[in-house]
Structures are given as C-alpha cells and as structure tokens.
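1. any chance you could fold what I've pasted below:
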Amino acid sequence: MSLEIRGLKAGYGTTEVLHGVDVHVEEGEITTMIGPNGAGKTTLLKTIMGLIKPRSGSLIFKSNGKSYDLNQLRPHMRVHHGICMVPESGRVFQKMTVLENLKFAAYTVKEKKSIDTNLEKVFTLFPRLKERRNQMAGTLSGGEQAMLAIGKALMLNPKLILLDEPSLGLAPMIVKEAYNKLLEINSLGVTLFIVEQNVDKALSVATSFYVLNQGRIIYSGNPKQINREDLFAKYYIGQVESK
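-> Next up is the predicted model:
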C-alpha cells in the first residue's frame, strides 16, 4: 500500500490553498506533516478524501497490487479501498452511545463477524471505551472522545488512516497516551498520515516527515537524520529551505 501525491493544487472558490504539493506515504510507516495554522494541512487531507476537488495534480493509491486514481473515485469508494480520516477535534455523534457510534461507523462493513472482530479490537485497544460503551458520547472527556474518533476509523478495516491534529485541545498526558495508542495501531499494520502543529510530538513517532507552509512543502526528510534544534529554529522563523 502507498499513496503518491504529485503536483497537487487545491483550494476553495477562487482561492488556491495548495500550490503543487508532493507527498509520498509508504506502507507500514507513520508519515507526519507539520506546519502552522493555515498552512493547508486540513485542505490536503480533505482533498485526499475527495471532499475537495483538486484543480490539478495526481493522487495515486496502491493497494493489493492495484493502483487507483483517487481523482476518479468518490469519497465513499476511497473508504471502501481502505482510506479513512479522523478529523480535527475528533467528531463523534454526541447523542449516541459509544457502542452506537462504533457500530454506525462500520456502515461499509457487510459481514457481522468482521464488525464484531473490529469492535473487540477497539475495546482491547481502548479499555475505557468498553467500560463506557453504553454512555452517551457527548458526556465523555475530550481524551475519551478522541479515542472514540480513532476507534470509529478502526471499525472500517483501514489500510491508511489520515489524522488531523490529534493532539489539539488535549492535555499533555492525554496527548502522550494518544500517541502511544497510535504507535500501537501502526504496529498492527495500519499506515498513518498525521498532520500536526505539535512539532515535537509529530517528529517523535514519524518515520518520515514534511513541513508545509503557505501551501507548499518547504522541507522533508527522516526525523532520525536531522538536527531538531536547527529544524525548529529555521521552521519558526520561516527560513527552512526546500530539500
């Protein structure tokens, strides 16, 4: 499985937000994209999911020996092929129980046995959700709602999960727990593409990373092969050079 994005331009109305973005997400890896608020990170994820139509560029998803041109697939077909998204700040159905949220999320999964298997996987990964399975989602804490949002994605048998600012609004200890869970999910064979403003946390789990600023990739590399202090300094004063 891989996702190859080349020359992607996208935006809203007459405003172009992404100006020729190139990104490669490899199977089994955790790829992160960091950048300030307004850089275009969420726009990129929405374009991958088909919620925004690109103006130009290619999005090629390879899975099980086949290649799919995402520009030719409607959003629900992208989910069918194993791509799903956890939006910013989670987003759960507040007036439904935890269990109802999870079962509703599995709308594309036809086999009940598969739904039951995925449900058990979610409850094993997030024991607190099992404890609160009959509780209204709107009464959960912020961290628990974040867990539920990720759990909903796992109900879809994903091959690739796109995560939009998973640390947003969470206390530091909850962020640490959430990222430990993401590492565990990745170890189960799920590829992750995370966009974040939390630079240090994003780089701590990444196998590869990109820096997006004003709709352009201005830096990319392997977190283990960079001087983080140098990167942070350049990044925050906007002097990172393309690599």
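
2. what about the strands in the chain?
-> Secondary structure of the chain (DSSP state E): strands at 2-12, 15-26, 30-34, 56-63, 66-69, 83-86, 160-164, 191-196, 208-213, 216-221.

3. could you dump those strands into TSV and include distance to Lys113, mean pLDDT and mean neighbour count?
-> All C-beta atoms are positioned from the backbone trio N, CA, C, and that covers glycine. Shown next, in TSV, are the strands of the chain (distance: least, Cβ to Cβ, whole Å; pLDDT from 0 to 100; neighbours: other Cβ atoms under 10 Å):
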stretch	distance to Lys113	mean pLDDT	mean neighbour count
strand 2-12	29	98	18
strand 15-26	30	98	17
strand 30-34	29	97	24
strand 56-63	22	98	16
strand 66-69	25	97	11
strand 83-86	20	97	24
strand 160-164	22	98	23
strand 191-196	24	97	24
strand 208-213	36	94	22
strand 216-221	41	91	18
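
4. out of the ones you listed, flag the one nearest His76.
-> strand 83-86 (10.8 Å; Cβ to Cβ).

5. partner strands of that closest one and their direction?
-> strand 160-164 (parallel) (DSSP bridges).

6. could you give the angle of the strand it pairs with to strand 15-26?
-> Angle, strand 160-164 to strand 15-26, by axes from the mean of the first three to the mean of the last three Cα atoms, to 10 degrees: 140 degrees.

7. and the contacts of strand 160-164?
-> Residues outside strand 160-164 that contact it (Cβ atoms under 8 Å, 6 or more residues apart in numbering): 1, 3, 25, 41-42, 45, 48-49, 61, 82-88, 150, 153, 182, 185, 190-195.

8. can you check stretch 45-63 too?
-> Residues outside stretch 45-63 that contact it (Cβ under 8 Å, 6+ apart) are 1-12, 16, 18, 20-21, 43, 67-71, 73-75, 78, 81-83, 85, 159-160, 162, 164, 193, 195.

9. gap between that stretch and the chain center?
-> With Cα atoms, centre = their mean, to the nearest Å as the basis, stretch 45-63 stands 14 Å off its chain's centre.

10. end-to-end on it?
-> This stretch, stretch 45-63, spans 19 Å end to end (Cα to Cα, to the nearest Å).

11. mean pLDDT per helix and strand in this protein: which one sits at the bottom?
-> One helix or strand of the chain scores below all others by mean pLDDT, DSSP states H and E: helix 228-236, with a mean of 68.
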